[in-house]
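[1] have a look at this fold, sequence not included:
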Ligand SMILES: Nc1nc2c(c(=O)[nH]1)N[C@H]1C(S)=C(S)[C@@H](COP(=O)(O)O)O[C@H]1N2
Ligand SMILES: [Mo]
């Protein structure tokens, strides 16, 4: 028989490991993929507890602990958890499966707390699941070495306590590090919630006549949480808006430096712009359309006074990433913005909070710097953006593109009338026509939805007759200058893919 004090200690160690691993995983999730919810089981349980506390208990807690009520809550939670884990350890020492079942039950409660928080998805539960798995393994391993397995030497009491203490210490370190890593994320989130977007001079009104009409067709306006994300950041930069500044340097009459309050005080506009990535293959999904709120870059550059020999702005992100944008794209009257808002909300952290660049008509790699903190006015023969020395073109104007969203490539459909639908884009030029060809037949003009701006994509659809059998459907667009999208196929490197999106379907 193992003394109860030992199995109690083992229970506590397993609990500490559970928390440590889950907080580390929660930090990893929050800082890489990003989440709008609360992936920390500790915080979620605390928050659920606060929500479920009857008012009299809340009043009592505030009266007794004052502003230290949160600290009291966590100390209380720590005590209760330690007691529960000690009890679980003792029970598991008597009957092994009780430990696993107990940790699973605790994990299920914590997962329930996590998933019922606002904006939670199933991904947010993974840290809890990982923590519980680690806790179960540690509990089993330690109990096994405490009771001794047949055929294996039983470690001495000292050795056993060292292992238990070591596990508990590792768990607590994980807990501290994991929480610490989440603090920056939490404070960015709070700052973002508190940020009030400036009113736009001319708010964008999206006409119903531009919206998708076909089930499965891409939505005209992309919700923030469905917007593609591309960047080199392994962890999402956490930028404190209180200390954020933007410097305008280089070939200017006056170097400038502004903080967020300065920026927000400027006259903001709203503009709908479709962003596309140069890495998008023909028919790919690396494109999204949002309403951006921002200050036109041209006004900032006017204030700085661009020297006549400058031809590029090298924008720099807080993590050192850079983009080289032709000056004319920032000053020729299109809505190139220092954006603070995306679809009516402050920028999500993974899309550049607090400030990013958005330039219609250029691929993101030469224009759309997220977490931007410097604009260096310079020359193409003196500076280059991050991707240029890595094999990508110095300049990246968006190529006219079109995509079939419905039906899906490889779909099996009933023969007869088939609706084909999708999107097409040619930012800054607009889309004047979209045509579809079935099985190499004539190009048939698709019906176009309205185009409220030439900086956004345009939705289209067409119903074609498909007899039973295998079919090939292709699409091509014509831009606002009357130029038909090129048939010539090109890979994304070095300056964007081209070619007609082609899909195969079978009808019968
Ligand atoms: N700081 C920073 N900004 C960046 C990038 C990056 O790697 N780092 N990638 C760019 C690229 S290649 C694209 S396509 C767009 C994508 O913007 P999104 O992630 O908001 O869709 O961001 C651009 N801005
Ligand atoms: Mo990109």
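    In hand now; what should we look at? This is a predicted model, so every value here is computed, not measured. Ligands and ions are numbered 1, 2, ... in the order given.

[2] what does the stretch 201-350 of the chain have sitting close to ligand 2?
    230, 277 (CB under 5 Å from the ion). No exception for glycine: its C-beta is placed from N, CA and C like everyone else's.

[3] give me the buried positions along stretch 340-348.
    340-343, 345-348 (16 or more other CB atoms under 10 Å).

[4] now do that stretch: distance to the chain's middle.
    13 Å (CA atoms, centre = their mean, to the nearest Å).

[5] does any part of it sit near ligand 1?
    No. On the criterion CB under 6 Å from any ligand atom, stretch 340-348 is out of touch with ligand 1, staying 8.1 Å away.

[6] are we agreed that residue 35 is in a helix?
    No. Assignment of residue 35 by DSSP: H, G, I helix; E, B strand; the rest coil gives coil, placing it outside any helix.

[7] gap between it and residue 359?
    29 Å (CB to CB, to the nearest Å).

[8] who has more neighbours out of the two?
    Neighbours per residue, other CB atoms under 10 Å: of residue 35 and residue 359, the larger number sits with residue 359, 29 against 22.

[9] list the residues that contact the more buried one.
    Shown in contact with residue 359 (CB atoms under 8 Å, 6 or more residues apart in numbering): 297, 325, 329-330, 334, 336-337, 367-368.

[10] for the residue lying closest to it once chain neighbours are set aside, give its distance to ligand 2.
    Among residues not flanking residue 359 along the chain, residue 367 sits closest, at 3.8 Å (CB to CB, 6 or more residues apart in numbering). Separation of residue 367 from ligand 2 (CB to the ion, to the nearest Å): 10 Å.

[11] for residue 114, report the pLDDT, please.
    Looking at residue 114, its pLDDT is 95.

[12] what's the helix ranked longest in the chain packed up against?
    When the chain is scanned for its longest helix (criterion: DSSP state H), the result is helix 157-194. Contact here means 3 or more CB pairs under 8 Å, 6 or more residues apart in numbering; DSSP states H and E; on that basis helix 157-194 packs against helix 4-31, helix 126-147.

[13] which one of these lies nearest to residue 409?
    helix 126-147 (30.7 Å; CB to CB).

[14] determine the set of other helices and strands touching the closest one.
    helix 4-31, helix 41-52, helix 69-94, helix 97-115, helix 157-194.

[15] buried deepest among those helices, which one?
    Neighbour counts (mean count of other CB atoms under 10 Å) averaged over each of these peak at helix 4-31, with a mean of 25.

[16] from the contact counts, what lies against that helix?
    Under the contact rule (3+ CB pairs under 8 Å, 6+ apart), helix 4-31 is packed against helix 41-52, helix 69-94, helix 97-115, helix 126-147, helix 157-194.

[17] what angle sits between that helix and helix 157-194?
    30 degrees (axes from the mean of the first three to the mean of the last three CA atoms, to 10 degrees).

[18] okay, the angle between helix 4-31 and helix 126-147?
    160 degrees.

[19] just the angle for helix 4-31 relative to helix 41-52, thanks.
    90 degrees.

[20] for the record, mean pLDDT for helix 4-31?
    95.

[21] out of the helices and strands packed on helix 157-194, flag the one nearest residue 354.
    Comparing the helices and strands packed on helix 157-194 by CB to CB, helix 4-31 comes nearest, at 17.2 Å.

[22] roughly how far is the closest one from the heart of the chain?
    28 Å.

[23] now do the buried residues in the least confident helix or strand in the chain by mean pLDDT.
    Least confident helix or strand, the chain: helix 55-65 with a mean of 85, by mean pLDDT, DSSP states H and E. Buried residues in helix 55-65, counted by 16+ other CB under 10 Å: residue 61.
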